[in-house]
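Novice: The following block contains a protein sequence and its predicted model.
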Amino acid sequence: MNGVYEEYLKRMTKSKEGKALFEEYKRIYGKYPPRYVDATEEEIWKEIRQMIEDTRN
């Protein structure tokens, strides 16, 4: 993992909800979600939630 991604991961998993969401994504896909460069945090959360939800349907 490079330093930029590590900082992103640390920021996105700071909250309990964020940590749980990233861990669920990793459980399903085998790795943490990619870093979205041109997206707001709100858009990132929405995308990750949708990807997890898609696996349940």
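Specialist: Noted; the coordinates are in hand.

Novice: which non-adjacent residue is nearest residue 26?
Specialist: residue 32 (5.3 Å; C-beta to C-beta, 6 or more residues apart in numbering). Where you see a C-beta, it was placed from the backbone N, CA and C, and this is true even at glycine.

Novice: for residue 45, that is, sorry about that
Specialist: residue 21 (7.2 Å).

Novice: The one helix or strand that neighbour maps to: which residues count as buried?
Specialist: Assigned by DSSP states H and E, residue 21 belongs to helix 16-29. Residues of helix 16-29 classed as buried by neighbour count (16 or more other C-beta atoms under 10 Å): 18, 21, 22, 25.

Novice: and what of stretch 47-57?
Specialist: 48, 52.

Novice: Alpha carbons of that stretch, as CSV, please.
Specialist: The C-alpha coordinates for stretch 47-57 follow below in CSV (Å, rounded to 0.1, in the frame of the first residue of the first chain):
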residue,chain,number,x,y,z
GLU,A,47,-20.7,3.7,-4.2
ILE,A,48,-19.2,1.3,-1.6
ARG,A,49,-22.6,0.7,0.0
GLN,A,50,-24.1,0.0,-3.4
MET,A,51,-21.4,-2.4,-4.3
ILE,A,52,-22.0,-4.3,-1.0
GLU,A,53,-25.7,-4.2,-1.5
ASP,A,54,-25.3,-5.6,-5.1
THR,A,55,-23.7,-8.7,-3.7
ARG,A,56,-26.7,-9.4,-1.5
ASN,A,57,-29.2,-9.3,-4.4
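
Novice: Check the offset of that stretch from the chain's centre.
Specialist: 11 Å (C-alpha atoms, centre = their mean, to the nearest Å).

Novice: And the average pLDDT for it is what?
Specialist: Averaged across stretch 47-57, pLDDT comes to 90.

Novice: quick one, the helix or strand containing residue 50 and helix 16-29 angle?
Specialist: Assigned by DSSP H and E, residue 50 falls within helix 41-56. Put simply, helix 41-56 runs at 40 degrees to helix 16-29, going by axes from the mean of the first three to the mean of the last three C-alpha atoms, to 10 degrees.
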